[in-house]
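J.: I would like the atomic coordinates for the input below:
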Amino acid sequence: MAMSSHDLKFILECLVCNTEDNTPKSLACGHSICNVCIDQMLVMKRRAHPNSSKIRCPSCRAEMTVPNGGSRDLPTTYAIVQLRNTLASLHVAEDKLCKLCKGSDKKKAETFCKDCEFYLCKGCTENHQKKKLWQSHSLVSLSVIQCKEHDEKLLYFCTVCKMLLCKLCYNEGICGHEDQIKEVKDLVASTQNELKMVKKKITRDIETNKRQYQPKKSKLDDRLKEIMKSKEQLNTHSDRLVRIIRNNQAQVMQQLEERESALLVTQEQMIQQDNLEALEKCQKAVENLELEGKLLVMYTGR
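T.: Numbering: from 1, shown residues only. Model (predicted):
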């Protein structure tokens, strides 16, 4: 079964922004995201966690560390880059608009720059070729490609030279890699089958992760409910204990105050009793002195 343009877009586009405009980067989990989205995800993560360098794959939710240099230090997914280039060169991809045209009046692309990974209209292609910085860039025409030497359709592709060949070029063996030359239709069919398998695997992984995620989410929700219930119970129990402690405190304070009053009364009584006994002793002593004085007067005759 031939792969539709929708299937191709699913493989070639970024999982986040759904475009082919930027450079695809390989994550540790095996999925690919464009460089712009990776940097944006890292910026958003650091708003909540300033020192974090981790992001999660939007497909499988696996967490991974982004190098200090950001997305530029992650490996480029060259399989996707080469596939984009091949499809562009074979005119398999849908019509594209120029990447460099400004505003809403973007013109239809006529070439694809393999180095910049940009689609360019005729005018931007000419400007691209004039700039000294970009003169060495490889531009691929998006029009129907014919062999420049033999004016024949390009039916073969050398996987070593990455070069398209017509039937005459193939028969003449001009690239010297006859055992590595494949028919374009077979190469496209093989690539489409590989992409179909990749799509099936990605879809299967997504469904598997969804199935695995839902029970975990349910368990997490249940656990959160249990925690909230425990917090409510703890607050209720704490309030009850506080009331009991305050009631007991009032009762204990009352008992202590009663005992304190009783002890003060007892102390006053003891003081009064001691004073009475002391007075009686003094009175007894005075009486004894008076008696002794009378006896002394009697014996002395005075």
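
J.: Flag the shaky bits of the protein, pLDDT-wise.
T.: Regions of the chain meeting the criterion pLDDT under 70 cover residues 1-10, 85-95, 142-146, 286, 297, 299-302.

J.: what's the spacing between stretch 219-232 and its chain's center?
T.: Stretch 219-232 has its C-alpha centroid displaced from the chain centroid by 23 Å (CA atoms, centre = their mean, to the nearest Å).

J.: now swap in stretch 97-117 and tell me
T.: 34 Å.

J.: Okay, now that stretch: how far is its last residue from its first?
T.: Stretch 97-117 stretches 13 Å from its first residue to its last (CA to CA, to the nearest Å).

J.: Please identify the buried residues of it?
T.: By neighbour count with 16 or more other CB atoms under 10 Å, stretch 97-117 contains the buried residues 98-101, 106, 109-114, 116-117. Backbone N, C-alpha and C define where each C-beta goes, glycine included.

J.: remind me, longest helix of this structure?
T.: Taking residue count as the measure and DSSP state H as the definition, the longest helix of the chain comes out as helix 184-300.

J.: In terms of secondary structure, what does the one helix or strand Phe112 maps to contact?
T.: Using DSSP states H and E, Phe112 sits within strand 111-113. When contacts are defined as 3 or more CB pairs under 8 Å, 6 or more residues apart in numbering; DSSP states H and E, strand 111-113 sits against helix 78-89, strand 118-120, strand 139-141.

J.: looking at the ones you listed, which is buried most?
T.: Mean neighbour count (mean count of other CB atoms under 10 Å) peaks for strand 118-120 among these, with a mean of 24.

J.: After that one, which helix or strand is next?
T.: Per DSSP H and E, the first helix or strand lying C-terminal to strand 118-120 is helix 122-130.

J.: How about exporting that next one as PDB, limited to the C-alpha atoms?
T.: Once side chains and other backbone atoms are set aside, the C-alpha atoms of helix 122-130 remain, and they are given as PDB (Å, rounded to 0.1, in the frame of the first residue of the first chain):
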ATOM      1  CA  LYS A 122      13.000  31.900  -7.800                       C
ATOM      2  CA  GLY A 123      13.900  35.400  -6.600                       C
ATOM      3  CA  CYS A 124      15.300  34.100  -3.200                       C
ATOM      4  CA  THR A 125      17.200  31.300  -5.000                       C
ATOM      5  CA  GLU A 126      19.000  33.900  -7.100                       C
ATOM      6  CA  ASN A 127      19.800  36.000  -4.100                       C
ATOM      7  CA  HIS A 128      20.900  32.900  -2.200                       C
ATOM      8  CA  GLN A 129      23.400  32.100  -5.000                       C
ATOM      9  CA  LYS A 130      24.800  35.600  -5.100                       C
END
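
J.: Give me the distance between that helix and the centre of its chain.
T.: Mean-position distance between helix 122-130 and its chain equals 41 Å (CA atoms, centre = their mean).

J.: Repeat that for stretch 254-273.
T.: Taking CA atoms, centre = their mean, one finds the center of stretch 254-273 at 72 Å from the center of the full chain.

J.: which residues touch it?
T.: For stretch 254-273, contacts defined as CB atoms under 8 Å, 6 or more residues apart in numbering pick out no residues.

J.: tell me which residues in it are buried?
T.: Taking 16+ other CB under 10 Å as the neighbour-count basis, stretch 254-273 is seen to contain no buried residue.

J.: Arg56 and Thr65, how far apart?
T.: 11 Å (CB to CB, to the nearest Å).

J.: same deal with Leu263?
T.: Applying CB to CB, the value for Leu263 to Thr65 is 74 Å.

J.: And Asp274, by the same measure?
T.: The spacing between Asp274 and Thr65, counted by CB to CB, is 88 Å.

J.: ok, Ile174 touching Leu165?
T.: Yes. Applying CB atoms under 8 Å, one finds Ile174 in contact with Leu165, separated by 7.3 Å.

J.: Which of these two has more residues huddled nearby?
T.: For Ile174 versus Leu165, neighbours defined as other CB atoms under 10 Å are more numerous around Leu165 (23 against 14).

J.: And the longest helix of the chain, how far out from the chain middle?
T.: How far helix 184-300 lies from its chain's middle: 41 Å, per CA atoms, centre = their mean.

J.: List the buried residues of stretch 164-173.
T.: Neighbour-count burial for stretch 164-173 [16+ other CB under 10 Å]: Leu164, Leu165, Cys166, Cys169, Tyr170.

J.: From those residues, which land in strands?
T.: Secondary structure assignment (DSSP state E) places Leu164, Leu165, Cys166 from these within strands.
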